[in-house]
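K.L.:
Structure for the following, please:
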Amino acid sequence: MAAGYEDMQKLVKDNLDTAVKSAGVVSKGFQAIAAEATDYSKKSVEDSTKYFEKLLGAKSLDAVIEVQTEFMKKSYEDAVGQATKFTELYMDIAKEWAKPYEGLTAKFTK
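P.N.:
Numbering: from 1, shown residues only. This is a model prediction of the structure:
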């Protein structure tokens with residue numbers, strides 16, 4: 001009877017330790033995502049400022065269209081690149097989050 005109780009205590013402790021590790025991984029991952037979002041936002045504001053400066057300096061309709069086209073193309077490429085980075089970050093979080101549970105799962109499948 002005592003052995004069963006000790007096994008149950010160990011199981012609960014292992015589960016708690018695993019949950020704490022996973023929470024730490026998720027927390028660090030979301031901090032990285034927040035930092036990446038902040039950097040992207042700063043860059044976006046800088047790019048928009050440069051765009052408006054170029055737009056105001058355009059001397060003809062053709063120049064305005066060229067500035068707008070360049071800005072839209074660059075904005076699209078940046079957004080796609082950023083979406084890819086975010087996807088990679090989320091995938092890394094998911095992989096790292098699952099690692100502590102791998103050992104725990106192995107105990108139950110034996």
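
K.L.:
list the helices and strands the strand or helix carrying Asp17 packs on?
P.N.:
Asp17 is part of helix 2-57 when elements are defined by DSSP states H and E. When contacts are defined as 3 or more Cβ pairs under 8 Å, 6 or more residues apart in numbering; DSSP states H and E, helix 2-57 sits against helix 61-109. Yep, even glycine has a C-beta here, placed from its N, CA and C like the rest.

K.L.:
packing partners for the helix it packs on?
P.N.:
Using 3+ Cβ pairs under 8 Å, 6+ apart: helix 61-109 touches helix 2-57.

K.L.:
How far does the helix it packs on sit from its chain's centre?
P.N.:
The gap between where helix 2-57 is centred and where its chain is centred comes out at 7 Å by Cα atoms, centre = their mean, to the nearest Å.

K.L.:
any idea of the angle that helix forms with helix 61-109?
P.N.:
Interaxial angle of helix 2-57 relative to helix 61-109 (axes from the mean of the first three to the mean of the last three Cα atoms, to 10 degrees): 180 degrees.

K.L.:
pLDDT on helix 2-57, on average?
P.N.:
Averaging pLDDT along helix 2-57 yields 87.

K.L.:
And stretch 75-90, by the same measure?
P.N.:
The average pLDDT within stretch 75-90 is 96.

K.L.:
Name the residues of it that are buried.
P.N.:
82, 89 (16 or more other Cβ atoms under 10 Å).

K.L.:
Can I get that stretch in PDB? Just the C-alpha atoms.
P.N.:
Output of stretch 75-90 as PDB, limited to C-alpha atoms (Å, rounded to 0.1, in the frame of the first residue of the first chain):
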ATOM      1  CA  SER A  75       5.700  46.000 -47.600                       C
ATOM      2  CA  TYR A  76       4.200  42.800 -49.000                       C
ATOM      3  CA  GLU A  77       7.600  41.000 -49.000                       C
ATOM      4  CA  ASP A  78       8.300  42.200 -45.500                       C
ATOM      5  CA  ALA A  79       4.900  41.000 -44.300                       C
ATOM      6  CA  VAL A  80       5.300  37.600 -45.900                       C
ATOM      7  CA  GLY A  81       8.800  37.300 -44.400                       C
ATOM      8  CA  GLN A  82       7.500  38.300 -40.900                       C
ATOM      9  CA  ALA A  83       4.600  35.800 -41.100                       C
ATOM     10  CA  THR A  84       7.200  33.100 -41.900                       C
ATOM     11  CA  LYS A  85       9.300  34.100 -38.900                       C
ATOM     12  CA  PHE A  86       6.200  34.100 -36.600                       C
ATOM     13  CA  THR A  87       5.300  30.600 -37.900                       C
ATOM     14  CA  GLU A  88       8.800  29.300 -37.200                       C
ATOM     15  CA  LEU A  89       8.700  30.800 -33.700                       C
ATOM     16  CA  TYR A  90       5.300  29.200 -33.000                       C
END
